[in-house]
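Trainee: Everything below, folded, please.
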Amino acid sequence: MQYQEFKQRTKAFLREQLSLTDYIDIQSADSNIRSNIPFRGPNIYILFVAIIIASVGLNVNSIPVIIGAMLISPLMSPIIGFGLGLGINDTALLLKSLKNLGIMFGISLIASTLYFMVTPLETDNPTELLARTNPSIYDVMIAFFGGIAGILELSRKDKGTVLSGVAIATALMPPLCTVGYGIAHLNWHYAGGALYLFFINCVFIALATFLAVKYLRFPLVAEKEGRFSRGLISYGLLILVVLVPSFFTGYKIASENTFIKNARHFVKENQAIGGTYIYDYAVDLKKKPYSLTLSLAGESLSSESRALLYTNAKKHGISHSQIFFKEDATIEVRRLNETEVMRDWIASTEERLNQRDDSIRVLRAQLERYESLVLPSGQIGEELRAQYPEIQDVTLARADSSVIVLLATESRKMDAQEKERIGHWLSVRLQTPAVKVIIE
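Mentor: Here you go, the predicted structure:
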């Protein structure tokens, strides 16, 4: 009995908390949505100005400017109007919403393309533009839940500021501006990716509106006709066509994020290994398999440390082939055992001895050459005086390749024959062919 009572009270509490009946004004919401769909008069100028502001924000990578432009722009009304028309079987409203959505699209495309064609600013790193070129399943979720918040805000009696938040979250303007950028620069990757994101936002905001209108039981304008039912089927197929590619891009984003996270954890856990330090790392996600480049400092990575890094990387889902090393800041350090130390000492000693022997040989050769240049003047003088007592003084000197001999005599003057005989004797004695004898 107590359980049944608790169950009933819980149901009553939840019904009271979750009920929308007392907070929703369906008639006012219908009227409000219809009145904001047309794009004419001030709405066209406001949209044009808002697109220019958003383009400037994307051009200079300014998030506050982009947000301000999204708050100004009246872009969501035709999309919500399309979802409302689909939910209440109002073909006229559907066509009116599509017409004004086309006008909105054309104005936005013209304004953004013109801006990016004439702007002198060059964006070196267009992160805000690039962020709109790779939509995924996460953008689908943002558009869908943003659309639910938008229709609930329009339907409740007491209006708040939810629509402003929805306009920022779903971000309809930046993709249109990025399409204009792609057209102006003939960058079809940017244009195609941004256009796909815009279609995601339109389709799933409208889908969220359609489901909310059905849940809130907006009154039908007409009963379903065969043509209207075929339109719903076509819209369902459009949802599938838009949805499927987003799963692939969502999977790609998730796998990239996982690899980056695994790489960060791996580097953090293996910052220092042995005498080697990982001071930086870089992840390359441009092609599969993704790669991780480790910048190393300290000692060169040994084969054991390298094998340990590969093993630890495998634990983080990073394979051997995905890791590359940048060792421009490492040095090779050899660790020698006693035998290697002794061998190096002996080799060094032998080298020093060989250098000393070479120095001795050079000095000996220089000494021999010096000795060969010195003339034995005293000995030659004694030998000449023994043969010729009249010679009192003998002087020997070198001049280029000749030997000059100066003989000084006192008792008599020597004749030419004696002078020639002395020269011949000195040539044999000194082993020098060129001897010049001068007698005073």
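
Trainee: Please identify the helix or strand for the nearest residue to residue 43 once chain neighbours are set aside.
Mentor: Spatially, and ignoring its direct neighbours in sequence, residue 43 is nearest to residue 74 (5.5 Å; Cβ to Cβ, 6 or more residues apart in numbering). The way it works is simple: take the backbone N, C-alpha and C, and place the C-beta from them, glycine included. Per DSSP states H and E: residue 74 is located in neither a helix nor a strand.

Trainee: longest helix in the protein, by residue count?
Mentor: Across the chain, the longest stretch assigned as helix under DSSP state H is helix 226-269.

Trainee: and that helix, what does it pack onto?
Mentor: Contacts defined by 3 or more Cβ pairs under 8 Å, 6 or more residues apart in numbering; DSSP states H and E place helix 226-269 against helix 76-87, helix 137-155, helix 188-216, strand 276-284, strand 291-299, helix 303-315.

Trainee: Packed most tightly, which of the ones you listed would that be?
Mentor: Of all those, helix 76-87 carries the top mean neighbour count, a mean of 26, counting by mean count of other Cβ atoms under 10 Å.

Trainee: For that one, the averaged confidence score.
Mentor: Averaged over helix 76-87, pLDDT sits at 86.

Trainee: Next, the angle helix 137-155 makes with it.
Mentor: Going by axes from the mean of the first three to the mean of the last three Cα atoms, to 10 degrees, helix 76-87 is angled at 80 degrees with respect to helix 137-155.

Trainee: Tell me the first helix or strand C-terminal of helix 76-87.
Mentor: Counting by DSSP H and E, the next helix or strand C-terminal to helix 76-87 is helix 91-118.

Trainee: what inclination does that following helix have with respect to helix 76-87?
Mentor: 150 degrees.

Trainee: List the buried residues of helix 91-118.
Mentor: If you call a residue buried by 16 or more other Cβ atoms under 10 Å, then helix 91-118 has these buried ones: 93-94, 96-97, 100-101, 103-105, 107-109, 111-116.

Trainee: picking that back up, export the helices and strands packed on helix 226-269 to CSV and tack on distance to residue 429?
Mentor: CSV is the format used below for these (distance: least, Cβ to Cβ, whole Å):
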stretch, distance to residue 429
helix 76-87, 125
helix 137-155, 112
helix 188-216, 102
strand 276-284, 78
strand 291-299, 73
helix 303-315, 76
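
Trainee: nearest to residue 353, of the ones you listed?
Mentor: With Cβ to Cβ as the criterion, residue 353 lies closest to strand 291-299 of the helices and strands packed on helix 226-269, at 34.1 Å.

Trainee: Direction included, what does the closest one pair up with?
Mentor: Strand partners for strand 291-299, identified by DSSP bridges, are recorded as strand 276-284 (antiparallel), strand 323-331 (parallel).

Trainee: how does the protein divide into domains?
Mentor: Following automatic domain parsing, one finds the domains of the chain at 16-223, 258-331, 336-374, 377-439.

Trainee: What mean pLDDT does the shortest one get?
Mentor: Same thing as domain 336-374. Mean predicted confidence for domain 336-374 is 69.

Trainee: ok, then the element right after the worst-scoring helix or strand of the chain on mean pLDDT?
Mentor: The helix or strand of the chain with the lowest confidence, counting by mean pLDDT, DSSP states H and E, is strand 402-409 at a mean of 59. Downstream of strand 402-409, the first helix or strand assigned by DSSP H and E is helix 416-430.

Trainee: tell me what that next one is packed against?
Mentor: Applying 3+ Cβ pairs under 8 Å, 6+ apart, one finds that helix 416-430 contacts helix 377-387, strand 402-409, strand 435-439.

Trainee: Now do the buried residues in it.
Mentor: 418, 422, 425, 426, 430.

Trainee: For those, could you give me TSV that also reports distance to residue 34 and pLDDT?
Mentor: Below are the buried residues of helix 416-430 laid out as TSV (distance: Cβ to Cβ, whole Å; pLDDT from 0 to 100):
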residue	distance to residue 34	pLDDT
418	150	76
422	144	76
425	143	76
426	139	74
430	134	70
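
Trainee: Which member of those is positioned nearest residue 219?
Mentor: Set against residue 219, the nearest of these by Cβ to Cβ is residue 430 (141.6 Å).

Trainee: got the buried residues for the helix or strand encompassing residue 53?
Mentor: Using DSSP H and E, residue 53 sits within helix 42-59. With burial defined by 16+ other Cβ under 10 Å, the residues of helix 42-59 counted as buried are 43, 47-48, 50-59.
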